[in-house]
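Engineer: Next input, structure requested:
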Amino acid sequence: MSGTSPDLSFFQSQTAQNLRAEGRAATRVEDILLLLGDRGVEVPEEARERILGCQDLEVLDLWVRRAVTAVSVAEVFGASDGG
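Structural biologist: Sure, this is the predicted structure:
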């Protein structure tokens, strides 16, 4: 071992942070769609596009939590009356 540390700057860079955030967002999107599909909740194309287009991890986390018990996509998005 030469005593030289590997350059880990990429993993701390903004680019790496953005890539990790994109990966987490993609996972949340998959989780939401999987939960809804497994529970038999219909996801219209417009709602699917809204879910797929969201990159805000806080919003996606909220939607995942709601998808666990939601009986409609409207409930996932925050409308408790289904419309």
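Engineer: what's downstream of the helix or strand that contains residue 33, the next helix or strand?
Structural biologist: Element membership of residue 33 [criterion: DSSP states H and E] is helix 14-38. In the C-terminal direction, the helix or strand that comes right after helix 14-38 (DSSP H and E) is helix 45-53.
Engineer: how about that following helix: buried residues?
Structural biologist: For helix 45-53, the neighbour count (16 or more other C-beta atoms under 10 Å) marks 47, 51 as buried. Using the backbone N, CA and C atoms, a C-beta is placed for each residue, glycine as well.
Engineer: quick one: contacts of that helix?
Structural biologist: Contact partners of helix 45-53, identified using C-beta atoms under 8 Å, 6 or more residues apart in numbering, comprise 29, 32-33, 43, 63, 73, 76-77.
Engineer: okay, and for the protein, where does confidence drop off?
Structural biologist: In the predicted model of the chain, residues 1-3, 8-11, 80-83 satisfy pLDDT under 70.
Engineer: rerun at 90
Structural biologist: In the prediction, the chain carries residues with pLDDT under 90 at positions 1-25, 79-83.
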